[in-house]
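Novice: Build me a model:
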Amino acid sequence: MVNATTAAEWDEEYRAGRWDFLSDVKESARYGVHAVWLASVGKTRAILDVGCGEGLLWHNLARRPEHYVGVDLSAVAFDKADVDFDSCRFEAADLHHFQPSQDELFSAVVFNEVLHFCEEPEIQLPRYAAMLEEGGVMSISLYAPNRPESGAHKLISRIWKTTDQWDVLDDITLTSASKNVTWKMRLVRP
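Specialist: Numbers count the residues shown, from 1 in each chain. From the prediction side, this is the model:
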C-alpha cells in the first residue's frame, strides 16, 4: 500500500481506521522503549512528539509531562486522541515546517516512525536539536524491513550517520516476532 503524502490523504486514512493497529499490544514495545529511555535520562518535562498521530506515546509515559506538543500532518488523528488537553497541545503541521512557540524548548524530541517521510533528515535533525533545552535528547525509531538493500535501510544509514556526531546514549534493534517487524531505535543527546 502506498503511503499518504498530503494532509487530506492522512486525514482520510485516520478516518478509515488504517492506523488503528498502532494502539495494538504488538506496537507497545516500541512506545515503551521511547518512554523508558526518556524516564531513565530524566527528560520527560517537556516532550515534542513529531508524527504523534493520536498521541499514543503520551499514554505510555509513566509520568505525564508538564508540557507535551504533538505534531502530525493529520488533524483528524487529534480527534481520536484521549489525552489531558490541559497539558497537551496538538499542531497539524508537516515536520519540515513545524516551528515551536516563541522561547519554547523541549527536554525531548521523539521521532516515532516519521523520519521515513523526511526528505532531508540531515537538515531536519539539527533543526530540531535547536529546539531542545540544554542536555535534551532525541529518541528515534524507524521501521527496518527484512530487506537490507531497501530504501528504508539507506535512510536509516543516513540518519545514523547524522546522529553519530552526537552522544549516542543507546542504539537498539527491536523485533516483534509475532508481528515479524523490526525497528531500529536510537537515543541521542545532540
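Novice: show me where this structure has strands.
Specialist: Listed in chain order, the strands of the chain (DSSP state E) span 46-50, 67-72, 88-92, 106-112, 132-143, 167-176, 181-189.
Novice: how about low-confidence regions in this structure?
Specialist: Where the chain drops to pLDDT under 70, the residues are 1-2.
Novice: What segments of it are helices?
Specialist: Per DSSP state H, the chain carries helices over the ranges 7-16, 25-40, 56-60, 75-79, 121-129, 151-163.
Novice: Let me have the ones you listed in a markdown table, extended by distance to Arg189 and mean neighbour count.
Specialist: Every residue, glycine included, has its C-beta placed from N, CA and C. Output for those, formatted as a markdown table (distance: least, C-beta to C-beta, whole Å; neighbours: other C-beta atoms under 10 Å):
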| stretch | distance to Arg189 | mean neighbour count |
| --- | --- | --- |
| helix 7-16 | 31 | 16 |
| helix 25-40 | 11 | 17 |
| helix 56-60 | 19 | 20 |
| helix 75-79 | 29 | 18 |
| helix 121-129 | 9 | 17 |
| helix 151-163 | 10 | 16 |
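Novice: can I get the ones you listed in JSON lines with distance to Tyr143?
Specialist: Listed next are the helices of the chain as JSON lines, based on distance: least, C-beta to C-beta, whole Å:
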{"stretch": "helix 7-16", "distance to Tyr143": "16"}
{"stretch": "helix 25-40", "distance to Tyr143": "9"}
{"stretch": "helix 56-60", "distance to Tyr143": "16"}
{"stretch": "helix 75-79", "distance to Tyr143": "18"}
{"stretch": "helix 121-129", "distance to Tyr143": "14"}
{"stretch": "helix 151-163", "distance to Tyr143": "6"}
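Novice: about what we covered before: can you tell which of the strands of the chain is closest to Tyr14?
Specialist: Minimum separation from Tyr14 across these (C-beta to C-beta) falls at strand 67-72, 9.1 Å.
Novice: So for the closest one, what gets flagged as buried?
Specialist: Of all the residues in strand 67-72, those buried under the rule 16 or more other C-beta atoms under 10 Å are 68-72.
Novice: Need the outlier residue of the protein, farthest from its centre.
Specialist: Within the chain, Glu149 marks the point farthest from the mean C-alpha position, 23.7 Å out by C-alpha atoms, centre = their mean.
Novice: Output stretch 111-121 as PDB - backbone C-alpha positions only.
Specialist: These are the backbone C-alpha positions of stretch 111-121, laid out as PDB (Å, rounded to 0.1, in the frame of the first residue of the first chain):
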ATOM      1  CA  PHE A 111      10.600  10.900  16.100                       C
ATOM      2  CA  ASN A 112       8.500   7.700  16.200                       C
ATOM      3  CA  GLU A 113       8.200   6.200  12.700                       C
ATOM      4  CA  VAL A 114       8.100   9.600  11.000                       C
ATOM      5  CA  LEU A 115      11.500  10.200   9.600                       C
ATOM      6  CA  HIS A 116      10.700   7.900   6.700                       C
ATOM      7  CA  PHE A 117       8.700  10.800   5.400                       C
ATOM      8  CA  CYS A 118      11.500  13.300   5.800                       C
ATOM      9  CA  GLU A 119      13.100  14.500   2.600                       C
ATOM     10  CA  GLU A 120      16.300  15.700   4.200                       C
ATOM     11  CA  PRO A 121      16.900  14.300   7.700                       C
END
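Novice: Right, I'll call it a day here.
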